[in-house]
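> Here is my input; please provide its structure:
(2 chains)
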Amino acid sequence: MNANEEIQDLVEAHEEDFVINIGPQHPSTHGVLHLKVKLQGETVLDVQPHLGYIHRSIEKMCEASTYRNFIYLTSRMDYLSAHMNNQACSMAVEKGMALEIPERTKVIRILMSELTRLASHTLWWGALGLDLGATTPFFIGFRDREEIMDIFEESCGARLTMNYNVPGGVMYDIHPNFQKRVHTFLINFKKHLPEYDTLLTGNIIFQNRMKGVGKISAEDAISYGCSGPVARGSGVSCDIRKWFPYDGYEGAQFNEILETDGDCFSRYMVRVREMYESVKIIEQYIDAIPEGDFQAKTKAVLKLPKGEFYSRVETARGELGVYIISDGSMKPYRIKFRSPNFSNLSALKHMATGGKIGDLVAIMATLDLVIPDIDR
Amino acid sequence: MTNEELKTFISAHTPEVVFEETQYLNVIVPAEKLYRLAKNLRSADYDYLICVSGVDWKDHFIVAYHLQSRKTKHVFVLKAKITDGVNPSVDTVCDIWRTAELHEREVFDLFGIKFNNHPDLRRLFMDDTWGFPLRKDYVDDVTIVQL
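The predicted structure follows:
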């Protein structure tokens, strides 16, 4: 649609209806998401997401990359779950090559995944506070995230786009300081976690903004393809770690968090309670890292047999699927990423319609969208 | 439901399908038969549409629907085979699984496959003048890096 048509659209809208554009440069959209919102007074009548501002066609780029190279592009999708994205790709390639990874790698992958989940959830928690007008949570969230980032930097060499997973294992062994630093982090973090509840969870102003807002029923959540904390906030059990355990998660002791109200507060509570579960998993494995290789032996050039391989991973935002179609050559014939944010976004209109425009910001915050993951 | 049970269930009312077993069971159906089969599968408890992906096989298009039954945890791939290379189209399934609305817009944007009866079929990422980048005959020497 060109600019003239856009204006025409605005003019033709019903007299009392009012169309505003939120984004692509708006602090509460956390990136370049553009929402066209139709309002009547303060009530939202319709929400249309306009995408593509950060579309790089990663899927097309993958077709030109080898099975070793394409993994690094996926760190740039959901950059807050970079480790899990890399893991999903590595798993799909391993599945194609029928490669068994060493026990040590599995435990390292679990630890790194859960640390990533904590880093992502602390950032989300801080940003959520900021979206609703509270500045302090942002600093509290970043204080804990910073410690995790330092741990990543030491072992993986990078803070955000770790690129730590390779087909067959992880790129390097963990740093000698890793266990010690994680222990220090756990002590601090467990001391800090109650602060999260004091600052936001129990806050009555905060609760009034969250409770009963942006409701979605379990049935609708399934139909809209929601996954992760968004679906679990509606009581839909969908944790891939429990449903289809991968890379050693079958031995992990943790509970799948379910809340049943389906509103913003439920989604908030799912993520906060998930942080406690992640701490549990890290505590279970941190002193039980088996000795051995950190990488299975692979050839320098990887080739996958003809066929289709699909791997599923639970990232911090939901289910990531990597669908590789191989024609037997060095490069994938087609790769499709089923990204959690893309499906979760489709529920936005359903959640926001009929609510107030102020609630739209709360809904966006609890959907926890990462835009590069939607646009890819 | 297991793969074998699903095979008998599908062949009973759609004999045109072809089965292929890779990691999951693949059910390949001609595009014009897709909608009716999808409706039957939805009533057989396949309530979760994981993703919709397009594939360009040069002589035909495939639209792959990964489906999961939340009751039995069974996952399989339903594939619509589109042989019309000039005007590829298939019926939408977004009244059966509502998540398909956005997924189908993405496939339309990247492959130019039309979804009949779709309520809002517009380009998702690119503008109307752009080609369909994930088709195999799409060439862009400037922006695509070949390794």
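> what about the residue positioned nearest the centre of chain B, helix or strand, and which?
By Cα atoms, centre = their mean, chain B has its centre lying nearest to residue B:63, at 2.7 Å. Element membership of residue B:63, judged by DSSP states H and E, is strand B:61-68.
> who does that strand touch, helix- and strand-wise?
Contacts defined by 3 or more Cβ pairs under 8 Å, 6 or more residues apart in numbering or on different chains; DSSP states H and E place strand B:61-68 against strand A:318-326, strand B:48-56, strand B:75-82. Placement of C-beta: from N, CA and C, glycine included.
> number of nearby residues for residue 32?
Answering for chain A, as no chain was given. Neighbourhood size, residue A:32 [other Cβ atoms under 10 Å in any protein chain shown]: 19.
> You answered for a different chain; I wanted chain B.
Residue B:32: 14 neighbours (other Cβ under 10 Å).
> Kindly report the same for residue A:194.
The tally of other residues near residue A:194 (other Cβ under 10 Å) stands at 10.
> Next one: it from residue A:200, what distance?
12 Å (Cβ to Cβ, to the nearest Å).
> Residue A:317 too?
20 Å.
> swap in residue B:80?
Distance from residue B:80 to residue A:200, by Cβ to Cβ: 46 Å.
> ok, now residue A:288?
34 Å.
> same check, this time on residue A:33
Distance from residue A:33 to residue A:200, by Cβ to Cβ: 24 Å.
> Quick one: distance of stretch A:183-197 to the chain centre.
22 Å (Cα atoms, centre = their mean, to the nearest Å).
> hmm, who's touching it?
For stretch A:183-197, contacts defined as Cβ atoms under 8 Å, 6 or more residues apart in numbering or on different chains pick out A:118, A:125, A:137, A:140, A:143-144, A:147-148, A:151, A:272, A:275-276, A:279, A:282-283, A:286.
> List the buried residues for stretch A:237-256?
Buried residues in stretch A:237-256, counted by 16 or more other Cβ atoms under 10 Å in any protein chain shown: A:238, A:239, A:240, A:241, A:243, A:244, A:246, A:247, A:248, A:249, A:252, A:254.
> which secondary structure element contains the fourth one?
Same thing as residue A:241. helix A:240-243.
> helices or strands next to that helix in the packing?
Helix A:240-243 packs on strand A:307-315, going by 3+ Cβ pairs under 8 Å, 6+ apart.
> Just the residues contacting the strand it packs on, thanks.
Strand A:307-315 has contacts (Cβ under 8 Å, 6+ apart) with A:78, A:81, A:84-85, A:87-89, A:91-93, A:95-96, A:117, A:228, A:239-241, A:244, A:246, A:319-326, A:340, B:22-24, B:26, B:66, B:77.
> ok, now with 7 Å
A:78, A:81, A:84-85, A:87-88, A:91-92, A:95-96, A:239-241, A:244, A:246, A:319-326, A:340, B:22-24 (Cβ atoms under 7 Å, 6 or more residues apart in numbering or on different chains).
> For residue B:59, grab the count of nearby residues.
For residue B:59, the count of nearby residues is 7 (other Cβ under 10 Å).
> hang on, the earlier thing: tell me how far the helix holding residue A:241 is from the chain's mean position?
15 Å.
> For the helix or strand following that helix, the averaged confidence score.
Using DSSP H and E, the helix or strand that follows helix A:240-243 in sequence is helix A:264-286. Mean pLDDT, helix A:264-286: 90.
> One more: stretch A:312-330?
89.
> check contacts around whichever residue of chain B sits closest to chain A.
Taking Cβ to the nearest Cβ as the measure, the point where chain B comes nearest chain A is residue B:99, at 3.0 Å. Contact analysis of residue B:99 by Cβ under 7 Å, 6+ apart lists A:223, A:224, A:225, A:343, A:346, B:49.
> The same query, at a cut-off of 6 Å, please.
The contact partners of residue B:99, taken as Cβ atoms under 6 Å, 6 or more residues apart in numbering or on different chains, are A:224, A:225, A:343, A:346, B:49.
> Repeat that for residue A:52.
Contact analysis of residue A:52 by Cβ under 6 Å, 6+ apart lists residue B:125.
> What are the buried residues along the one helix or strand residue A:184 maps to?
Assigned by DSSP H and E, residue A:184 belongs to helix A:178-196. In terms of neighbour count (16+ other Cβ under 10 Å), helix A:178-196 has its buried residues at A:178, A:181, A:182, A:185, A:186, A:189, A:196.
> for those residues, which one is nearest chain B?
Chain B lies nearest to residue A:196 out of those, by Cβ to the nearest Cβ, at 31.6 Å.
> how near is the closest one to residue A:185?
15 Å.
> what's the answer for residue B:121, then?
With Cβ to Cβ as the criterion, residue B:121 and residue A:185 are 49 Å apart.
> and if you look at residue A:38?
46 Å.
> Would you mind listing what in chain A touches chain B?
Contacts of chain A with chain B, taken as Cβ under 6 Å from any Cβ of the partner chain, map to A:51-52, A:55, A:57, A:60, A:64-65, A:222-225, A:307-310, A:321, A:323, A:334, A:336, A:338, A:343, A:346.
> The residues you listed in helices, which ones?
In helices, defined here by DSSP state H, the members of these are A:60, A:222, A:223, A:343.
> Taking these together, which two end up most distant?
A:60 and A:222 (30.8 Å; Cβ to Cβ).
> which one of these two has more residues nearby?
residue A:222 (22 against 19).
> ok, the more buried one - contacts?
Residues near residue A:222 by Cβ under 6 Å, 6+ apart: A:236, B:47, B:48.
> Show the contacting residues for the last one.
Under the criterion of Cβ under 6 Å, 6+ apart, the neighbours of residue B:48 are A:222, B:68, B:70.
> In a markdown table: the residues you listed, plus pLDDT and distance to residue A:352.
A markdown table is the format used below for these (pLDDT from 0 to 100; distance: Cβ to Cβ, whole Å):
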| residue | pLDDT | distance to residue A:352 |
| --- | --- | --- |
| A:222 | 90 | 19 |
| B:68 | 90 | 27 |
| B:70 | 85 | 26 |
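> Check those residues against residue B:138 and report the nearest one.
Checking the contacts of residue B:48 against residue B:138 by Cβ to Cβ gives residue B:68 as the nearest, at 31.4 Å.
> can you pull out the helices in chain B?
B:3-13, B:34-43, B:100-111.
> Deepest-packed of these, please.
helix B:100-111 (a mean of 23; mean count of other Cβ atoms under 10 Å in any protein chain shown).
> Can you dump the C-alpha atoms of that one in CSV for me?
The C-alpha trace of helix B:100-111 is given here as CSV (Å, rounded to 0.1, in the frame of the first residue of the first chain):
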residue,chain,number,x,y,z
ALA,B,100,-2.5,-20.4,9.6
GLU,B,101,-3.6,-16.9,8.7
LEU,B,102,-0.2,-15.4,9.3
HIS,B,103,1.7,-18.5,8.3
GLU,B,104,0.0,-18.6,4.9
ARG,B,105,0.6,-14.9,4.3
GLU,B,106,4.3,-15.7,4.8
VAL,B,107,4.2,-18.6,2.3
PHE,B,108,2.4,-16.3,-0.2
ASP,B,109,5.0,-13.6,0.4
LEU,B,110,8.0,-15.9,-0.1
PHE,B,111,6.7,-18.3,-2.8
